[in-house]
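K.L.:
Pasting the sequence and the predicted model now:
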Amino acid sequence: MATLRFSFGTMGSGKSTVALQIHHNLASRDLYGLLLTCLDREGHQVTSRLGVAAPALDVTPDVDIHALAVEHWPIHYLVCDEAQFYTPTQCDQLARVVDELEVEVYAFGLITDFRGQLFDGTRRLLELADERVPLQVEARCWCGSRATHNARVVNGAVVYEGETVMVGDTADSSTPPLFGDAVRYELLCRRHFTQGELGD
């Protein structure tokens, strides 16, 4: 029987790297599947900070993933990166792909947003998944403790309010942007996330 596996963690826990590895391994065995992403920092591809990338289909809110799987039939698997950004309805569609089409689904996503709260897609995948797999690569806070939170840093300060989705990177650019705020993300332990301390 096919399964819906949801692997989750913080930024830097290797989600995209594992997603790319699974896609590569399955494709090299002459299995046909789709690599999907949503709001990847590099556009229509899955990218890893290790420098590996592969073209991917972009899942916008209007995409019916079940219909997409049927359109590409026959397929053996879906690898879904950035699944925290999928809508709850799209997560239900992933479950239908597994149950009705017997297609393996490997979904990868962040566990919580910059406020420390579950993403809507993450919540629904945790409710639906046959397997829930925390990623084993432990990202670290600046203090050396295990990082548990993806803090949003705007103009050098941790923020706790704002739009849930705001794409940024983990790099701290020394050059301020020409327009708007400088936005980046920092991995922090719970204590330093709560205190808003960046260890600068």
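P.N.:
Looks like it came in fine. Residues are numbered from 1 along each chain as shown.
K.L.:
Under the pLDDT cut-off, which ranges of the protein? List them.
P.N.:
Residues of the chain that meet the criterion pLDDT under 70 lie in 40-43, 167-179.
K.L.:
ok, which stretches of it are strands?
P.N.:
4-9, 33-37, 45-47, 53-55, 57-58, 77-80, 104-110, 131-134, 149-154, 157-159, 183-188 (DSSP state E).
K.L.:
can you put those strands in JSON lines and add distance to E71 and mean neighbour count?
P.N.:
Glycine gets a C-beta too; all of them are placed from N, C-alpha and C. Putting those into JSON lines (distance: least, C-beta to C-beta, whole Å; neighbours: other C-beta atoms under 10 Å) gives the following:
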{"stretch": "strand 4-9", "distance to E71": "20", "mean neighbour count": "23"}
{"stretch": "strand 33-37", "distance to E71": "10", "mean neighbour count": "23"}
{"stretch": "strand 45-47", "distance to E71": "20", "mean neighbour count": "21"}
{"stretch": "strand 53-55", "distance to E71": "17", "mean neighbour count": "14"}
{"stretch": "strand 57-58", "distance to E71": "11", "mean neighbour count": "16"}
{"stretch": "strand 77-80", "distance to E71": "12", "mean neighbour count": "26"}
{"stretch": "strand 104-110", "distance to E71": "16", "mean neighbour count": "26"}
{"stretch": "strand 131-134", "distance to E71": "26", "mean neighbour count": "12"}
{"stretch": "strand 149-154", "distance to E71": "34", "mean neighbour count": "22"}
{"stretch": "strand 157-159", "distance to E71": "40", "mean neighbour count": "15"}
{"stretch": "strand 183-188", "distance to E71": "34", "mean neighbour count": "21"}
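K.L.:
List the residues that contact V52.
P.N.:
17, 20 (C-beta atoms under 8 Å, 6 or more residues apart in numbering).
K.L.:
measure it to T37 for me?
P.N.:
Counting by C-beta to C-beta, to the nearest Å, the gap from V52 to T37 is 14 Å.
K.L.:
got the strands of the chain as TSV, with distance to V98 columns?
P.N.:
Below are the strands of the chain laid out as TSV (distance: least, C-beta to C-beta, whole Å):
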stretch	distance to V98
strand 4-9	5
strand 33-37	13
strand 45-47	20
strand 53-55	22
strand 57-58	18
strand 77-80	9
strand 104-110	5
strand 131-134	11
strand 149-154	28
strand 157-159	37
strand 183-188	31
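K.L.:
Which one, of the ones you listed, ends up nearest to A95?
P.N.:
Smallest distance to A95 across those (C-beta to C-beta): 5.7 Å, for strand 4-9.
K.L.:
Now do the helices in this structure.
P.N.:
15-27, 65-71, 88-101, 120-128, 190-195 (DSSP state H).
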